[in-house]
Every structure is written in C-alpha cells, then in structure tokens.
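Undergrad: Build the 3D model from these lines:
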Amino acid sequence: MSNASFRQRLADAAIFGRAGDGFGMGVLAGLVVGVLDALALSARGFGSDAQLLWYGPLLYATTCGPAGAVVALLGGGWLGRGRRRALTLAALLTPLGGAVIFQRLRDGAGTSPALELQIALTLACLAVALALLLVGPRLLGDARAVWRRPLLALLVVVLLAGFSGARLAPTQAITRVTPGPVPALLAERPNLMLILASALRADQLDCASAAARARTPNLCRLASDGGSLYDGFAHSTKALPGAASLLGSLLPTTLRAPGETRARLPASSVTLAEALQRRGYTTGAFVANPKLDATTGLAQGFDAYHALEPRLLFGARKSSSALLLYQLLRRLRLALPLTARAGDHYPDAQAVNAHAAAWLERQRKGRFFLFLHYMDLREPWFARAGDTYVAQPAPSPMETAPQRRIYQQRLARFDARFAELAAQLEELGLWRSSLIALTSDHGVAFGEHGDPRRGRTLHDEWIRVPLLIKWPAEERRAPERMRAEPARLIDVAPTLLSSVGARIPPLMQGLDLARAASGPGGARSVFSETRCAGRVLRAIRTARWKWIEAPEGACGQPGEQLFDLSLDPEERDNRVEREPGTAAELARLASEQAGVP
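TA: Numbers count the residues shown, from 1 in each chain. Modelled structure (predicted):
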C-alpha cells in the first residue's frame, strides 16, 4: 500500500470518527430536549393518547443525531476529541432546549414572555453552553469512546420508559354512547344542534348583507325555514375564548387569561352540554380545531368529545403533534410545492360531516345535543383546486382583493358542505323537528383597520358574526329578522336551554334571546376583549355606539376610540374628544363587565 493511500485511509477514518462522535452527541442532546418537551406538554394533561412520551425523545434524537454529525464535521480536525464533542453537544442542546422552554412559557401565558424573562432565559442558555464547553472536554474526551455504550443504554431506557408511560398514562378514550329510551320529560322536546363555523363574518352571508358576494342559500335556509337571523357579536378574536363563550355562556375574563388561546374553561362552570346532559340528553361534539381538545375544559358535559386531527405526518399522533420539533418539521414539509392537501392543516367539512353522520345515525331515535365545529374558513391562504392547494404564493396580508376572493370561494364550498349535512338530517327525519343554531367564534379582517388576519383589534370585522337559529317546526320563538339589538355569543346557551325547558345555570352570564328584555337604558351591550403585545384590549358595543380601549396605544392603535355606528358603520371617525360623556359611560360599563366573576 502506498503512503498516499495509507494517508487517505487515515483521513477517511478520522472523518468517520468525527461524524460518529457528532452523531452520538446529537442523539444525547435530542434525548434531553425530547424528554424536556414531552414532560412539559404532559403537565397539562393528555387527550386521547400519550404517544409523545416516547415519540418526543425518539423524534428529537433521530433528528439531532445527523445534525450533530454535521456540526462535528464542520468543526474540523483542529479541535481535540473532547472539545469537539462538547462543542457539538452545546451547539444543539442549548438553543434547542431554550427554544422549547420559551415556547412552553409562551403557551402557558398565551403571549411571549416578558422581556426580563427572555433575557434571563438567554443568559441561562449561555451559562449552560459555557459550562459544557468548560467541563465537557474532560468528561467526553476518552479516545476509546466508552461513552457510546452508556448512551445506547440511555436511549433504550428512555424509550422503554416512554412506552410504559404512554400505556399507563391516564388518557381520555373516545366513547360511543348507545341511546336509551327517550325520557318522558323530553318526549315533546326537540333535538339540539349547535354549529360553529370559525372566522365566519356576518357581512359575507347574502341573507345578512346586501353587499355579500358569495351565495349562501343553504346556510341562510336556517333563517328562512322557520328560523331567525340575529345581529350576532363575539366576545374575543381568539378561538378558545370564543368557543367558551358559546358553550359556557361566560365572558373571556372568566377564563383566567383574557383573550388568550391557552385559557381554560373553569371546572366550576356549568356548560350547555352539562345542563342538557343532566336533563337527559345524549351529548356529542366533533371539533375541527385540534387545539380545542379536552385539556381546554370544553369537553365538560359531553358523552363523546372528539377534537379531530389534521392529517398528521411522520407517524405522529395527536399528543405528539404539539412537540416543537414536530411543528417545525411539519412546516418545512408543507412548505414544499405541490404537496399540501385539504386536511393537512385542519379537518375539512367533509371529514366533520362524516363523523357527524355516523353519530347521528346511532342517536336518531334518542334525544341528543350535537356540537359541530368547522375550520374551513381558516385554511391557509391558497387557492384550492379540488382537494389540492394550488402551488402559488399566498397573498400578502395587505393584498385584500385576493384574500376576499379566496374567502368567498371557501364560503361557497362550505355552504355546499352544509347542504350535505342538511340533506343527511332530512334523510334521518331530524331536520324539521330539531333546533339548529349556527354562529362563529369571531370574524376575519381584510385590512379594514390595518389588522391583517391577526385578531389584534376589536373592530366589527372581527367581532360581528352571524347568528341563525332554526326553530323546530311549528315552534318558532322569534321572527325571522331580529336585528334591533345585539345578540351575544353568551346568549346562545341560555336560549337553547330555555327552548327545551331547562333551567339556566346561575353562573351563565347570557340571556334567553327569545324572552330577554333590553338591558339598562334600552340597549343591550356587548363586551369584547383580546390581547395584543401583552396588553388587553377592551370594547363595548351597543346598537348605536362602539368604544375601544387599547392601553398605551397597543399595536399602534389609538388609546381610546369612540364611534357613532348610526353615522359611521365602518368605524372611521373617532368621536372620543367630541363625546367625552358617552365615552366615560361606556368605559365604566366595560370596567363593570370586565370584573364579572
């Protein structure tokens, strides 16, 4: 063998050795961060599975292993073995671990941690990295790489522990309820259905606005076929507070975390489903937003509550889909051209309808309450051809014309899917005899007030939503047009309970729309709030006035705004300085409602 050939073999061996060292350090870093992320997510409880206990460490380890090999090779041969291993471990462990901690803190608060906490976290990560660089070479510098056997053993132990934990962890199994005979108390009472179409603007239904461009005959049939159309309003621009207001008849302030997506419905509350369940109704829910799972408290009172999953990737299940690394890899995967399909982001209406149809078939002879939640209007901003998204750049947030066009296409498609659900109800003999209500958790903006699809303002494009109630045949409780006073999401649950003769729980904050008199001063008010840049924005709306407060000019908005909706329905003319008395009275009313326990 020539000297050149011998030297080449030595160089190849050194490269493979460095890659192996880096791979091992990457696996070690991945195991540590994977366990950290899995345990942090486990602290908030499990849904239908606990796969993340083993999937998390495995996903991080298998991803960080190759990354560690690359880092080690880039480090070159000029570093000693121990320093190279320590550098690789520090380069992966500290930024990834810091990112996981930051994300879980953000999840817990519903917004980014305070600047002081971010600085403290950054300094802690730098301290850990420095400690690894100082101490690591002594611990990891063994030329014989005896650390590899303990690492392999650690990997096996972690995965075995994860598998065992996943089997033993308390999960919420999907239940199938077989209806019994109809209680005598409910013999003359209707079945109930509540439908939430997320991000549905009131002015996009052609029965609610003459300016609507999309045709929505099937959705509007709820009002025209023995029903009522109300001027509906939401209490938040976020998904969870919106759903909680609807099911629990509670303002967002009651959720402990105003306007935040990680709020939770208090266990002490009595939800619409709980009140109906106590009355003898079988209750079920199919929810297309996987974030609204049982850990949010929304499942209270449901015999079967299904937070449907989007099309999951990489063999993950529901619990594992919350892992930070999974979410990053999923985004990369879906960013590839010609690969995104309907259901990758949220289950579409066809999937929700399929689950609902099977459930209704089983419950058709009983008395039931069914909650259906749709996310079709919240899909990514791509045009769609059949089940595949067209490979084109999404419109920028301020390109309002393409946004409106895509939204109207979605709405027309959702209207057609609703027609399929209505046909299924008619086939089962349930359409005429059932009470069916449809509304939304919030609207969506098309740049009207410089708020591109982020829910950071409380103007009407975000909080004005449709509310349609189809009463049972021959039992209409209100005229077809009920637009004189605002109808709030917190009023829906009391209205449905009253329609079946059930008592309204005392903690519910809404009113029966069919019976309620106007509030003080002849105007029922709507309190709404959301969060922007760590600050809570509040709004009060009556039939005539709209008051908005953004503390310290949050997100570039005026600190206080007042609009006379009878003269300025688009909320352009701020009258706060010309009407100080009205502004002060509405501010007082907002403070009172924000303090509701």
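Undergrad: Below-threshold pLDDT in the stretch 101-250 of the chain: ranges please.
TA: Within the stretch 101-250 of the chain, the segments meeting pLDDT under 70 span 108-113, 141-180.
Undergrad: I'd like to know how far the residue lying closest to Arg464 once chain neighbours are set aside sits from Leu537.
TA: Here the nearest residue to Arg464 in space, its sequence neighbours aside, is Ala202; by Cβ to Cβ, 6 or more residues apart in numbering that works out to 4.8 Å. C-beta: built from backbone N, CA, C; applies to glycine. From Ala202 over to Leu537 the distance is 21 Å, taken as Cβ to Cβ, to the nearest Å.
Undergrad: try Leu219
TA: Taken as Cβ to Cβ, the span from Leu219 to Leu537 is 30 Å.
Undergrad: Kindly list the main-chain dihedrals of the residue nearest to Arg464?
TA: For Ala202, the backbone dihedrals (degrees, to the nearest 10) come out as phi -60, psi -40.
Undergrad: Next: the one 10 residues further on.
TA: When quoted as degrees, to the nearest 10, the phi and psi of Ala212 stand at phi -60, psi 140.
Undergrad: can you tell me which residues contact it?
TA: Contact analysis of Ala212 by Cβ atoms under 8 Å, 6 or more residues apart in numbering lists Asp203, Gln204, Leu205, Asp206.
Undergrad: Show me where the stretch 251-400 of the chain has its helices.
TA: 272-279, 324-335, 349-363, 400-427 (DSSP state H, counting those that start in this stretch).
Undergrad: For the chain, spot the helix or strand the model is least confident about on average.
TA: strand 388-389 (a mean of 46; mean pLDDT, DSSP states H and E).
Undergrad: Excluding chain neighbours, what is closest to Ala19?
TA: Computed as Cβ to Cβ, 6+ apart, the closest residue to Ala19 that is not its neighbour in sequence is Ala69, at 4.4 Å.
Undergrad: Tell me where the protein has helices.
TA: 3-42, 52-75, 81-109, 115-140, 148-168, 217-224, 239-248, 272-279, 324-335, 349-363, 400-427, 460-463, 492-499, 580-594 (DSSP state H).
Undergrad: need the least confident one among those, by mean pLDDT.
TA: In terms of average pLDDT, helix 148-168 trails the rest of the helices of the chain, at a mean of 61.
Undergrad: Let's see the pLDDT reported for the spatially most central residue of the chain.
TA: Centroid-nearest residue in the chain: Lys291, 4.1 Å away (criterion: Cα atoms, centre = their mean). Lys291 is assigned a pLDDT of 84 by the prediction.
Undergrad: Quick check: the gap between it and Glu474.
TA: Distance, Lys291 to Glu474, using Cβ to Cβ: 40 Å.
Undergrad: Surely the residue nearest to the centre of the chain touches Ala243?
TA: No - applying Cβ atoms under 8 Å, one finds Lys291 not in contact with Ala243, separated by 10.1 Å.
Undergrad: Looking only at neighbour counts, state which of Leu219 and Leu537 leads.
TA: Leu219 (26 against 23; other Cβ atoms under 10 Å).
Undergrad: check contacts around that one.
TA: Leu219 makes contact with Leu205, Cys207, Phe414, Asp415, Phe418, Leu438, Pro466, Leu468 under the criterion Cβ under 8 Å, 6+ apart.
Undergrad: same thing with Gly242?
TA: Contacts for Gly242 (Cβ under 8 Å, 6+ apart) come out as Leu196, Ser198, Ala234, His235, Ser236, Ser440, Asp441, His442, Leu489.
Undergrad: how about the nearest residue to the fifth one, chain neighbours excluded?
TA: For Ser236, ignoring the flanking residues on the chain, the nearest one in space by Cβ to Cβ, 6+ apart is Pro252 at 4.8 Å.
Undergrad: Show the pLDDT at the one you found.
TA: pLDDT, Pro252: 87.
Undergrad: And for Gly522?
TA: Reading off the confidence values, Gly522 has pLDDT 48.
Undergrad: picking up where we left off before, with Thr63 as the reference, measure out to the residue nearest to Ala19.
TA: Ala69 is 12 Å from Thr63, by Cβ to Cβ.
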